[in-house]
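Engineer: got a structure for you, letters missing:
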């Protein structure tokens, strides 16, 4: 990617990254975005890094359990707020940034209207279903077995375990300095409500 950017002479690049990508390690798959930010930073004439929060759509694989059992399984720590973002907000923000090119390097952080706990997500889904939904906190030791059972390689599954551990330790948060914070408009009700209710 960096070579293509450099050879093309493109005047401005927007890279979708993640909160926590400023950290060199201990963040699982987000570490590759740290590398990408640095590689493109050297190659691009002007670069906007869009560091998004945890995708709300990451909850989609557990919606069957929400519907059938009233349980929201979560590797994210119950009761701990985390910056989450809807992919529609991410796409809209990326388009806005493409239309407003950076000069040099710009970092934009994106989260939803407010930080959310797993309980907040469960409450939004329960409201849509008209029933109580309870968070089922899962131990991090269950990440690798769950992800490998779904077809992921053990090495990749270990990276996701590391990412969840980083999130639960509060490492995937807003960076300081010159990084700009923007807020999306969509929450779990808007993003997941229709999916869980079968609309």
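Structural biologist: Received the coordinates, thanks. What you see is a predicted model; the values in this text were computed from it and never measured.

Engineer: Could you use CA atoms for every contact and neighbour count after this?
Structural biologist: OK.

Engineer: buried stuff in the longest helix belonging to the chain?
Structural biologist: Taking DSSP state H as the criterion, the chain has its longest helix at helix 154-168. Residues 157-168 are the ones in helix 154-168 that count as buried (16 or more other Cα atoms under 10 Å).

Engineer: for that helix, packing partners?
Structural biologist: Helix 154-168 sits against helix 143-149, with contacts defined as 3 or more Cα pairs under 8 Å, 6 or more residues apart in numbering; DSSP states H and E.

Engineer: Let me have the buried residues of helix 154-168 in JSON lines, adding pLDDT and distance to residue 60 as columns.
Structural biologist: Below are the buried residues of helix 154-168 laid out as JSON lines (pLDDT from 0 to 100; distance: Cα to Cα, whole Å):
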{"residue": "157", "pLDDT": "98", "distance to residue 60": "18"}
{"residue": "158", "pLDDT": "98", "distance to residue 60": "21"}
{"residue": "159", "pLDDT": "98", "distance to residue 60": "20"}
{"residue": "160", "pLDDT": "97", "distance to residue 60": "16"}
{"residue": "161", "pLDDT": "98", "distance to residue 60": "18"}
{"residue": "162", "pLDDT": "98", "distance to residue 60": "21"}
{"residue": "163", "pLDDT": "98", "distance to residue 60": "18"}
{"residue": "164", "pLDDT": "98", "distance to residue 60": "17"}
{"residue": "165", "pLDDT": "98", "distance to residue 60": "20"}
{"residue": "166", "pLDDT": "98", "distance to residue 60": "21"}
{"residue": "167", "pLDDT": "98", "distance to residue 60": "19"}
{"residue": "168", "pLDDT": "98", "distance to residue 60": "20"}
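
Engineer: tell me which of the residues you listed is nearest to residue 78?
Structural biologist: Within these, the smallest distance to residue 78 is 9.1 Å, found for residue 168 (Cα to Cα).

Engineer: Who are the contact partners of the closest one?
Structural biologist: Taking Cα atoms under 8 Å, 6 or more residues apart in numbering, we find residue 168 in contact with 76-77, 80.

Engineer: Can you tell me which of these are buried?
Structural biologist: Listed as buried from the contacts of residue 168 are 76-77; burial here means 16+ other Cα under 10 Å.

Engineer: Distance to residue 68 and secondary structure for the contacts of residue 168 - can I get that in CSV?
Structural biologist: Listed next are the contacts of residue 168 as CSV, based on distance: Cα to Cα, whole Å; DSSP: H, G, I helix; E, B strand; the rest coil:
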residue, distance to residue 68, secondary structure
76, 21, coil
77, 22, coil
80, 25, coil
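
Engineer: Looking at the contacts of residue 168, which is nearest residue 66?
Structural biologist: Proximity of these to residue 66 (Cα to Cα) peaks at residue 76, which lies at 15.8 Å.
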